[in-house]
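just coords:
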């Protein structure tokens, strides 16, 4: 759950890097959130909760995806590959499961190494 909260706190931070664990835990809890919203939508008979949750997680989802791409040395613009039907989904899945660079890259130090300055601008991490 802390990975989900961490991603939500950095909801508009498109810089830096995100580990695979941060990315996949965020999307696990987002999926669970959508399942709960679907239940509420079914019971209430309205789609307002669905679209409210969708809007709430749109920016954090793009941000954590961009940071994940940065971890493997790719530009955040690669997120646009996801809009290509079928093949884009396969490419993004492959990129998101790739291990990050084990050294400093153009987007910062390896988050697994515990960069002490990585979250200086974000207290509480």
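It's in. What you see is a predicted model, and the numbers here were worked out from it, not measured in a lab.

Next, the buried residues of stretch 35-50.
By neighbour count on 16 or more other CB atoms under 10 Å, the buried set for stretch 35-50 is 37, 41, 49. Heads up, the C-betas are built off the backbone N, CA and C, glycines and all.

And for stretch 78-92?
78-79, 81-82, 92.

which of the residues you listed has the weakest pLDDT?
Among the buried residues of stretch 78-92, residue 82 carries the weakest pLDDT, at 91.

I'd say that one and residue 94 touch.
No. Using CB atoms under 8 Å, residue 82 makes no contact with residue 94, being 11.7 Å away.

do you know how far residue 94 is from residue 2?
27 Å (CB to CB, to the nearest Å).

Dump the buried residues of stretch 35-50 to TSV, plus secondary structure.
Below are those laid out as TSV (DSSP: H, G, I helix; E, B strand; the rest coil):
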residue	secondary structure
37	helix
41	helix
49	helix
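
ok, residue 25 touching residue 4?
Yes. Using CB under 8 Å, residue 25 makes contact with residue 4 at a distance of 6.2 Å.

picking that back up, now render the buried residues of stretch 35-50 as a markdown table, adding pLDDT.
Shown next, in a markdown table, are these (pLDDT from 0 to 100):
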| residue | pLDDT |
| --- | --- |
| 37 | 95 |
| 41 | 90 |
| 49 | 91 |
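
tell me which of those is nearest to residue 88?
residue 37 (25.0 Å; CB to CB).

Now do the contacts for that closest one.
Applying CB atoms under 8 Å, 6 or more residues apart in numbering, we find residue 37 in contact with 49-50, 53.

any idea which of these is the one closest to residue 105?
The closest of the contacts of residue 37 to residue 105 turns out to be residue 53 (CB to CB; 33.2 Å).

before we move on, the earlier item: and of the buried residues of stretch 78-92, the nearest to residue 9?
Closest to residue 9, out of all of the buried residues of stretch 78-92 and judged by CB to CB, is residue 79, at 20.2 Å.

Tell me which residue lies farthest from the centre of the protein.
The C-alpha centroid of the chain is most remote from residue 45, which lies 29.7 Å away (CA atoms, centre = their mean).
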